[in-house]
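Student: next comes the sequence, and after it the predicted model I'd like to discuss.
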Amino acid sequence: MKTYRVSINFEEGVNVDVQANNAEEAEKKAIELAEFYAGSSYPKEYNSDSLRRDYFTSDVQEVVQ
């Protein structure tokens, strides 16, 4: 049997609760969270709630050994 490397691409949406003085600050904090954690797992203090997850595969290449 052969080995293949397959890319799996995710697009997901998550709600998080952040403490902020205004909507602009809240959005900035949410962007910083996304950049830092880069995924769908956030610390419990942010009360995250997954909205959706879409995925597709691409770039299938045989691994030659």
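Tutor: Alright, I've got the coordinates.
Student: does residue 2 count as helix, strand or coil?
Tutor: With DSSP: H, G, I helix; E, B strand; the rest coil as the basis, residue 2 sits in coil.
Student: who are the contact partners of it?
Tutor: By CB atoms under 8 Å, 6 or more residues apart in numbering, the contact set of residue 2 is 62, 63. For every residue, glycine as well, the C-beta is placed using N, CA and C.
Student: distance of it relative to residue 63?
Tutor: According to CB to CB, to the nearest Å, residue 2 stands 8 Å off from residue 63.
Student: I'd guessed residue 46 sits against residue 18; true?
Tutor: Yes. Residue 46 lies in contact with residue 18 (CB atoms under 8 Å); the separation is 6.8 Å.
Student: tell me, what's touching the two both at once?
Tutor: Between them, residue 46 and residue 18 share these contacting residues under CB under 8 Å, 6+ apart: residue 33.
Student: could I get the full set of helices for this structure?
Tutor: Taking DSSP state H as the test, the helices found in the chain are 23-37.
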